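Colleague: Sharing a sequence plus its predicted fold:
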Amino acid sequence: RNVKVLLWITGIINIDEGAIYDYAAEQGYFMKVLPFDNDPAVINWWKGDGSLIDWFNPNAVSWWKSMMDNMLDMGIDGWKCDGTDFSAIQTPWSDGAGSFVSRLDYSHAYYQIHFDYTREALGDDRVMHARPIDNYGLADIGGEQVSFSPVSTGFAAWVGDQDATFEGLTWALNNMYHSSDMGYLSFGSDIGGYRENDLFPTNGRSKELFIRWAQLGTFCGLMENGGGGEHRPWMFDQETEDIYRDLVKKRYNMLPYLMLQSESYYAQEQSLMQFFNKTDYSYMLGPDLFVAPFLKEGTSITVNFPADGDWTYLFDYSQTYTGGSSTTLTIPYTEYPVFFRSGTAPLSVNQLEDVTTVYPNPSTGIFKINFSSAETRSIEVLSIAGQSVFNSIASTSSVSVDLSAYDNGIYVCVITQTDGTRSFVKLLKS
């Protein structure tokens, strides 16, 4: 089923781990409080008491990488690097650097080592799941003081742990706003919130919150689901499961659009999510999708449409709204305030007038794409990592795409006509 596997990791070893901790301490592989301290600094974190690895000590890094190798040899797809690095505020001295190091420099070293070494070992399609901006919901602040991973590694970021409430959802959007402002490419949040809500002891969150957060997550740079309590949609009820299934289908249909935009946005050091304000947290997802998130319970929402162009409702193409207008809408729980720029089709994958059939799909390697006419088109196929694996110019009514030499997985076929119109087809090699 082409499931990708990330492993959870931190840069800390607990003092009760025995031989591995003792060895690292004897070798001087941990951070300290002051340069003349004989022992490593010990900090209290959510899984006990431990010491932070000194990422500026080459011997410590080599030793740590040798332990990473045990997991990399399994062919994993990346890491979820959790945020113990912020504790470096308490442990600023590095024997490896021979100086005090800032918390930000420590954080960047931690994440960069995991990002670079994993890609060096296994290839550039490996990712690191880490925080971009996380102000912990304590204050409306962004910037380097609350940033974690380097901007250049932010392909699959998540904005920390929030409460399972609409206030928690709003704080997630606040972190996304500041992450966008710093230029992180792609990020999301734990659908339904990470923490449990005591008011809903069965599932840890209300059905309404879970649905609205799932809808938000679908239209973020990253859609991800996890945390404390119940996060499986089918454990709420059949309606929740049906809504979630439809959202996943929309998400898959949106992947070609997101992949195509990511390359140019990353080159410009911009986020896929561009916010208009911190009042309603409305934002653009790429150049053609406009999202107005629900910040509270209910079905009524006032939508302030961007001024540049008209906007068609994603869940009902008969509804179009004038750019620059403000309209109060009633949106049932089966829908969400998402609009596409009129004249574009960012989600119309495999439902294209230009493409009549793709067969077989899935395929073990060779796909035949049939067109509605014999016009000249350029054909490019991208891997899910954005690598170009096939290029051709076709002037016939069909073309064969051979992916036999490539790994199983999802590929995106970008079809460009002579007038510049682009179509997308999702190909599944299995």
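Modeller: Thanks, I have the structure now. Numbers count the residues shown, from 1 in each chain.
Colleague: From here on, just use CA atoms for contacts and neighbour counts.
Modeller: Noted.
Colleague: Without its sequence neighbours, what residue ends up closest to residue 417?
Modeller: Leaving aside its chain neighbours, residue 417 sits nearest to residue 377 (4.7 Å; criterion: C-alpha to C-alpha, 6 or more residues apart in numbering).
Colleague: again but with residue 189, I slipped
Modeller: The shortest distance from residue 189 to any non-neighbouring residue, by C-alpha to C-alpha, 6+ apart, is to residue 158 (5.1 Å).
Colleague: So in terms of bridging, what pairs with the one you found?
Modeller: Residue 158 has the following beta-bridge partners by DSSP bridges: residue 188.
Colleague: so how far is residue 315 from residue 69?
Modeller: When distance is defined by C-alpha to C-alpha, to the nearest Å, residue 69 is 47 Å away from residue 315.
Colleague: now swap in residue 210 and tell me
Modeller: Taking C-alpha to C-alpha, one finds residue 210 at 19 Å from residue 315.
Colleague: Comparing the two, which residue is more hemmed in?
Modeller: Comparing residue 210 with residue 315 by other C-alpha atoms under 10 Å, the one with more neighbours is residue 210, at 26 against 14.
Colleague: Wait, a strand at the more buried one?
Modeller: No. Counting by DSSP: H, G, I helix; E, B strand; the rest coil, residue 210 falls outside a strand, being helix.
Colleague: so it touches residue 194, yeah?
Modeller: No. Using C-alpha atoms under 8 Å, residue 210 makes no contact with residue 194, being 11.2 Å away.
Colleague: So for this structure, the centremost residue is which one?
Modeller: Residue closest to the mean C-alpha point of the chain, counted by C-alpha atoms, centre = their mean, is residue 222 at 2.8 Å.
Colleague: Can you name every helix or strand that the helix or strand where residue 380 lies contacts?
Modeller: Assigned by DSSP states H and E, residue 380 falls within strand 377-383. In terms of contacts (3 or more C-alpha pairs under 8 Å, 6 or more residues apart in numbering; DSSP states H and E), strand 377-383 is packed against strand 388-394, strand 409-417.
Colleague: And the first one, how far out from the chain middle?
Modeller: So the one you mean is strand 388-394. A distance of 28 Å separates the centroid of the chain from that of strand 388-394, by C-alpha atoms, centre = their mean, to the nearest Å.
Colleague: Which positions within the helix or strand following it qualify as buried?
Modeller: Next in sequence after strand 388-394, counting helices and strands by DSSP H and E, comes strand 398-402. Of the residues in strand 398-402, 398-399, 401-402 count as buried by neighbour count, 16 or more other C-alpha atoms under 10 Å.
Colleague: Residue 54 contacts residue 25, doesn't it?
Modeller: No. When contacts are counted by C-alpha under 8 Å, residue 54 is not listed as touching residue 25 (10.7 Å).
Colleague: which one of these two has more residues nearby?
Modeller: residue 54 (28 against 19).
Colleague: For stretch 45-54, give me every contacting residue.
Modeller: Identification of contacts with stretch 45-54 by C-alpha atoms under 8 Å, 6 or more residues apart in numbering yields 11-16, 29-31, 40-44, 60-61, 84-85, 88, 91, 94-96.
Colleague: That one: which residues count as buried?
Modeller: For stretch 45-54, the neighbour count (16+ other C-alpha under 10 Å) marks 50-54 as buried.
Colleague: Stretch 188-199 now?
Modeller: 188-197.
Colleague: And the residues you listed, which two are furthest apart?
Modeller: The most widely separated members of the buried residues of stretch 188-199 are 188 and 197, with 20.3 Å between them, by C-alpha to C-alpha.
Colleague: Tally up the residues packed near the residue nearest to residue 33 when sequence neighbours are not counted, please.
Modeller: In space, and not counting its chain neighbours, residue 33 is closest to residue 91: 4.5 Å by C-alpha to C-alpha, 6+ apart. As a burial measure, residue 91 scores 25 neighbours (other C-alpha under 10 Å).
Colleague: for residue 91, what are its contacts?
Modeller: Residue 91 neighbours (C-alpha under 8 Å, 6+ apart): 31-34, 41, 52.
Colleague: Make TSV from these and add distance to residue 121 and secondary structure to it.
Modeller: Listed next are the contacts of residue 91 as TSV, based on distance: C-alpha to C-alpha, whole Å; DSSP: H, G, I helix; E, B strand; the rest coil:
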residue	distance to residue 121	secondary structure
31	27	coil
32	30	strand
33	33	coil
34	35	coil
41	31	coil
52	24	strand
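Colleague: For the residue nearest to residue 33, report the pLDDT, please.
Modeller: Note for residue 91: predicted pLDDT of 97.
Colleague: ok, back up a step: in strands only, show me the buried residues of stretch 188-199.
Modeller: The strands, defined by DSSP state E, take in residue 188 from the buried residues of stretch 188-199.
Colleague: Same list (the buried residues of stretch 188-199) but as JSON lines, adding distance to residue 139 and pLDDT.
Modeller: Shown next, in JSON lines, are those (distance: C-alpha to C-alpha, whole Å; pLDDT from 0 to 100):
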{"residue": "188", "distance to residue 139": "19", "pLDDT": "98"}
{"residue": "189", "distance to residue 139": "18", "pLDDT": "98"}
{"residue": "190", "distance to residue 139": "20", "pLDDT": "98"}
{"residue": "191", "distance to residue 139": "22", "pLDDT": "98"}
{"residue": "192", "distance to residue 139": "21", "pLDDT": "97"}
{"residue": "193", "distance to residue 139": "18", "pLDDT": "97"}
{"residue": "194", "distance to residue 139": "19", "pLDDT": "97"}
{"residue": "195", "distance to residue 139": "18", "pLDDT": "96"}
{"residue": "196", "distance to residue 139": "21", "pLDDT": "96"}
{"residue": "197", "distance to residue 139": "21", "pLDDT": "95"}
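Colleague: Looking at the buried residues of stretch 188-199, which is nearest residue 282?
Modeller: residue 188 (14.8 Å).
Colleague: My read is that that closest one contacts residue 221, right?
Modeller: Yes. Between residue 188 and residue 221 there is a contact under C-alpha under 8 Å: 6.1 Å.
Colleague: overlap in contacts of these two?
Modeller: With C-alpha under 8 Å, 6+ apart as the test, residue 188 and residue 221 both reach residue 156.
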